[in-house]
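Asker: With the sequence up front, the predicted model follows.
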Amino acid sequence: MTEIPKSHPRYASLLARERVAEGVRQGYTSTQGLIAQGRGECFDYLIGEKTNPSAEQAIRAAAALLLLAERPALSVNGNVAALVAEEMVALAAALAIPLEVNLFHRSEERVRKIADLLRQKGAAGVLGEKPDSVVPGLEHARALATRGGIYDADVVLIPLEDGDRCEALAAMGKKVIAIDLNPLSRTARKAAVSIVDNILRAVPALTEQVRKLSDLPRSDLLIIVAQYDNEKVLRQAVQEISDHLQRQFREENCRQHTD
Ligand code: PTJ
C-alpha cells in the first residue's frame, strides 16, 4: 500500500482509497469496487465528510430495528470487506449473529477470500460460501442466499448495495437497512432505514448504538422505530448537502474578499 502521511489534509479519504485498492490486489474486492468507492468519495465530500444529524437518526433507528429483529442478518461484499471487515465483525459480535458474504460480481474465489478475511478478523460465524436458496425476482448472482442467514432474516443490513436487491429483499417482507452515501440512490429510497454516511463512520457508530440501546425495554425500541420516517430523513440528508455547499461557497467568497 502507498504510505499516506497522517498530516495529509485528505488522509482519511486517501487511506480508504488505498484499502479498496489493496482489496483488489488481494483479490477480494472487485475492480468495479474502485468505481463504487470513487462515487462514494464524491458524495462523502458533498455531505461534508461527517456523520450528519439525519444519519444519526437513521443509525439509532437501525440499531433499534436490529435489536428488535428475531433473525437479523448482515451482508458483506468486496468493498465492505476492504473498508470495515473488523468493524463488521464487532457489529456481528454485538448482535451475536453471523455475517453473510453476498456478492454482485460473484466468484467462488472472492467469496472464500472474504470469508477467510472475516474469520481472520475474529468472526464467529460466516455464511455465504454454500448458499442454499435464492431471493425471488433477482436474476444475477446476488440472488444467492443462505437459510439461517439473509434468506430467513426479518431485518437485513445491506451496505453499499444496488437497488434491485434492496427491492427484492423488501418484497420478501424483510426490513432493509442500507448504508449508502447517495441519498438519491434507489437503494436509499427503497430501504426501510437508509444511513446516508460513509461506511467507515457508520458501522462503528451503529455498533455503539446497538450496545447503548441493548438495555432498553422492547417497548422503547418499538417507539424509536415507530417515530422514524425514512422519507423525511432522506429529505433532510439532501438539505444537509445543500446547506454544506452553501456554507462552502460563502466561506470561499469571504476568503476571496479578504485575499
Ligand atoms: O463486491 P461486489 O461484487 O458485491 O460489488 C460491490 C459493489 C460496491 C461494487 C457493488 O455493490 C456496486 O456496484 O455497487 P453500486 O451500485 O456502485 O452502489 C454502491 C453505492 O454505495 C453507491 O451509491 C455509492 O455512492 C455508495 N458508496 C460507495 N462507497 C461508499 C458508499 N456508501 C457508504 N460508504 C462508502 N464508503
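Answerer: All right, it came through fine.

Asker: what about the closest residue to the ligand within the chain, which SS state?
Answerer: Residue of the chain nearest the ligand, by CB to the nearest ligand atom: residue 40 (2.2 Å). In short, each C-beta sits where N, CA and C put it, glycine included. Three-state assignment for residue 40 (DSSP: H, G, I helix; E, B strand; the rest coil): helix.

Asker: repeat for the one 4 residues further on
Answerer: Going by three-state DSSP, the secondary structure assigned to residue 44 is helix.

Asker: I figured it hits residue 201, correct?
Answerer: No: counting by CB atoms under 8 Å, residue 44 stays clear of residue 201, with 9.2 Å between them.

Asker: any chance you could read off phi and psi for the spatially most central residue of the chain?
Answerer: Most central in the chain under CA atoms, centre = their mean is residue 159, positioned 2.8 Å from the mean C-alpha point. As for residue 159, its main-chain torsions (degrees, to the nearest 10) stand at phi -80, psi 140.

Asker: how about the nearest residue to it once chain neighbours are set aside, what does it touch?
Answerer: Counting by CB to CB, 6 or more residues apart in numbering, residue 179 is the residue found nearest to residue 159 once chain neighbours are left out, at 3.9 Å. Residues in contact with residue 179, defined by CB atoms under 8 Å, 6 or more residues apart in numbering, are 157-160, 195, 197, 199, 202-203.

Asker: could you redo the last one with a cut-off of 10 Å?
Answerer: Residue 179 makes contact with 55, 58-59, 62, 80, 84, 157-161, 187-188, 191, 193-199, 201-203, 206, according to CB atoms under 10 Å, 6 or more residues apart in numbering.

Asker: Those in strands, which ones?
Answerer: 157-159, 193-195 (DSSP state E).

Asker: buried subset of those residues?
Answerer: 157-159, 193-195 (16 or more other CB atoms under 10 Å).

Asker: Including pLDDT and distance to the ligand, could those residues go into CSV?
Answerer: Output for those, formatted as CSV (pLDDT from 0 to 100; distance: CB to the nearest ligand atom, whole Å):
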residue, pLDDT, distance to the ligand
157, 98, 12
158, 98, 9
159, 98, 7
193, 98, 14
194, 98, 10
195, 98, 8
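
Asker: The top helix by length along the chain vs the ligand: in contact?
Answerer: Ranked by number of residues, the top helix in the chain under DSSP state H is helix 230-258. No: contact of helix 230-258 with the ligand (CB under 6 Å from any ligand atom) is absent, the minimum separation being 12.2 Å.

Asker: tell me what that helix is packed against?
Answerer: helix 32-47, helix 53-68, helix 186-190, strand 193-195 (3 or more CB pairs under 10 Å, 6 or more residues apart in numbering; DSSP states H and E).

Asker: who's the residue nearest to residue 159 bridged to?
Answerer: residue 159, residue 195 (DSSP bridges).

Asker: can you list residues touching both of residue 44 and residue 201?
Answerer: 12, 50.

Asker: for residue 62, what are its contacts?
Answerer: Contacts of residue 62 (CB under 10 Å, 6+ apart): 55, 155, 157, 175, 177-179, 191-195, 202, 205-206, 209-210, 224-225, 228.

Asker: returning to what we had before: how about the residue nearest to the centre of the chain, what does it touch?
Answerer: With contact taken as CB under 10 Å, 6+ apart, residue 159 is in contact with 74-77, 79-80, 83-84, 88, 177-180, 187, 195, 199, 202-203, 206.
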